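Student: My questions concern the predicted model and sequence given below.
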Amino acid sequence: MSGLGRSALVVGVSLMATACGKKGALIYPDMLVPAAPSAVSARQSGSAVKLSFILPDKDRAGRPVRDLAGLKISRKTAEAEQKNVCRSCMADYSLFRTLYLDHLKPNTQRFGNLVMSLDGDVSVGNSYSYSIVPFTADGVDGAPSTTAAVRVVMPLPAPLLKIESHPTEVRLQMSSQSATVGNLLGYNLYRWSAAVPKPYFPLNREVLKNAEYVDVGLERGVRYRYSARALYTLPSGDIVESTESNEVEGVLADDEE
């Protein structure tokens, strides 16, 4: 190749590189779909399974998602006698529930980007695995989540709950009942009022190790209802939430003179 030809080639390559630089990196269509839901977990709660996850706020390319419409939850059931179950074999999953974010069903609640959905169609001894796929308003599926699995055991006994109302606070006392399996880890406490439904998300952010809880910052004149569930660690290492305690009601007492 002549010197003139080599010079022309170098100039051409430089122009191509410059032009490509102005356009930016190429984003493939499969990267423009919603990213997978995160923090997916499945935990037994009483006789049901509580599935929780965080909604994606970006697509697979890292750009904000603005048209997320809902999620498809798929489930796989493994009977108690089944061995060597493959949780990642998606061919064994079937569509269990479709959630539309603008019209959630009564068995599903949302707290910001956190979603909790209750599966009551489970049987003791069986294992259940879940996978979640988000979809857009145009019906385009996003990336599937990691799977979460739980083996259902006999529901563990509910704690007992007592309440005392004071002028500036409400005090709650929880006491656990003996369980045939598992070690007591602590408690989850739930609070609601007439204006809101009973929540799936507990009042406490961390497991309550202390059997007494003092609830402050309450509105005067509002009647609050409470229930509790004990948390047990099973020999398998799984954490199970017990059946629900009795419900109690409290309202801030009148100021003491």
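Tutor: Yes, it's here. Keep in mind the model is a prediction, meaning the values are calculated, not measured.

Student: From now on I want contacts and neighbour counts done on CA atoms only, so please keep to that.
Tutor: Noted.

Student: In the stretch 1-150 of the chain, where is pLDDT below threshold?
Tutor: By pLDDT under 70, the low-scoring segments of the stretch 1-150 of the chain are 1-25, 81-88.

Student: neighbours around Val240, how many?
Tutor: 26 (other Cα atoms under 10 Å).

Student: Let me know the distance separating the residue minimising distance to the centre of the chain from Pro64.
Tutor: A centroid search over the chain (Cα atoms, centre = their mean) returns Ser52, at 1.6 Å, as the residue closest to the centre. Taking Cα to Cα, to the nearest Å as the criterion, Ser52 is separated from Pro64 by 22 Å.

Student: again with Leu118
Tutor: From Leu118 to Pro64 the distance is 28 Å (Cα to Cα).

Student: Neighbour count: these two, which is higher?
Tutor: Leu118 (19 against 14).

Student: can I assume that one sits in a helix?
Tutor: No. Per DSSP: H, G, I helix; E, B strand; the rest coil, Leu118 lies outside any helix segment and is strand.

Student: pretty sure it contacts Phe53?
Tutor: No. The pair Leu118 / Phe53 is not scored as a contact, 12.0 Å apart, by Cα atoms under 8 Å.

Student: can you pull out the strands in the stretch 1-150 of the chain?
Tutor: 38-45, 48-54, 68-78, 94-100, 108-111, 114-119, 127-136, 148-151 (DSSP state E, counting those that start in this stretch).

Student: nearest residue to Glu79 other than its sequence neighbours?
Tutor: Distances taken as Cα to Cα, 6 or more residues apart in numbering place Asn126 nearest to Glu79, at 4.8 Å, with adjacent residues excluded.

Student: who's in contact with that neighbour?
Tutor: 77-80, 151-152 (Cα atoms under 8 Å, 6 or more residues apart in numbering).

Student: could those residues be laid out in JSON lines, adding neighbour count?
Tutor: Shown next, in JSON lines, are the contacts of Asn126 (neighbours: other Cα atoms under 10 Å):
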{"residue": "Thr77", "neighbour count": "20"}
{"residue": "Ala78", "neighbour count": "18"}
{"residue": "Glu79", "neighbour count": "15"}
{"residue": "Ala80", "neighbour count": "13"}
{"residue": "Arg151", "neighbour count": "23"}
{"residue": "Val152", "neighbour count": "22"}
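
Student: Closest to Phe135 out of those?
Tutor: Nearest to Phe135 among the contacts of Asn126: Thr77, at 23.7 Å, using Cα to Cα.

Student: check contacts around the closest one.
Tutor: Thr77 touches 126-129, counting by Cα under 8 Å, 6+ apart.

Student: In this structure Glu212 contacts Val170, no?
Tutor: No. With contacts counted by Cα under 8 Å, Glu212 stays clear of Val170, the gap being 10.6 Å.

Student: neighbour count winner among those two?
Tutor: Set Glu212 next to Val170 and count neighbours by other Cα under 10 Å: Val170 wins out with 21 against 16.

Student: just checking, what packs against the strand or helix carrying that one?
Tutor: Assigned by DSSP states H and E, Val170 belongs to strand 169-175. If you count contacts as 3 or more Cα pairs under 8 Å, 6 or more residues apart in numbering; DSSP states H and E, strand 169-175 packs onto strand 160-165, strand 212-216.

Student: rerun that using 10 Å as the cut-off
Tutor: With contacts taken as 3 or more Cα pairs under 10 Å, 6 or more residues apart in numbering; DSSP states H and E, strand 169-175 sits against strand 160-165, strand 183-193, strand 212-216, strand 224-233, strand 248-250.
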